[in-house]
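J.: Need a 3D model of the sequence below.
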Amino acid sequence: MGKAGKALKQVLETYEVSQYSLAVAMNVERNNIYRWVNEKRDPTAETVVDIVRALKTLNAEAAQAFIQTYLGDEV
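T.: Below is the predicted model of the structure:
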């Protein structure tokens, strides 16, 4: 599956953000976060934006790291 799940997993682990706290910040069920992190399903492009917004509320550095890890040199 996709690069977004790998990037999200790395950022959540590095910045010690729980899947539960991200789910609450995004107002989605935790199993959605689980599916993305474990590459069972890819988040849509719109959802990636929502992930960044939610991460910014939890940890701005984590949000920036997710963007950099996911998009790399493309931004």
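
J.: and the longest helix anywhere in the chain, which residues are buried?
T.: When the chain is scanned for its longest helix (criterion: DSSP state H), the result is helix 45-58. By neighbour count on 16 or more other C-beta atoms under 10 Å, the buried set for helix 45-58 is 47-48, 51, 54-56, 58. C-beta: built from backbone N, CA, C; applies to glycine.

J.: need those in JSON lines with distance to residue 6 and pLDDT, can you?
T.: Formatted as JSON lines, the buried residues of helix 45-58 follow (distance: C-beta to C-beta, whole Å; pLDDT from 0 to 100):
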{"residue": "47", "distance to residue 6": "15", "pLDDT": "97"}
{"residue": "48", "distance to residue 6": "13", "pLDDT": "96"}
{"residue": "51", "distance to residue 6": "13", "pLDDT": "98"}
{"residue": "54", "distance to residue 6": "18", "pLDDT": "98"}
{"residue": "55", "distance to residue 6": "15", "pLDDT": "98"}
{"residue": "56", "distance to residue 6": "20", "pLDDT": "98"}
{"residue": "58", "distance to residue 6": "19", "pLDDT": "98"}
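
J.: Now distance to residue 21 too, for those residues, in CSV please.
T.: Below are the buried residues of helix 45-58 laid out as CSV (distance: C-beta to C-beta, whole Å):
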residue, distance to residue 21
47, 17
48, 18
51, 12
54, 9
55, 10
56, 13
58, 6
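
J.: Can you list the residue ranges for helices in the chain?
T.: Applying DSSP H to the chain gives helices spanning 3-14, 19-26, 30-37, 45-58, 60-71.
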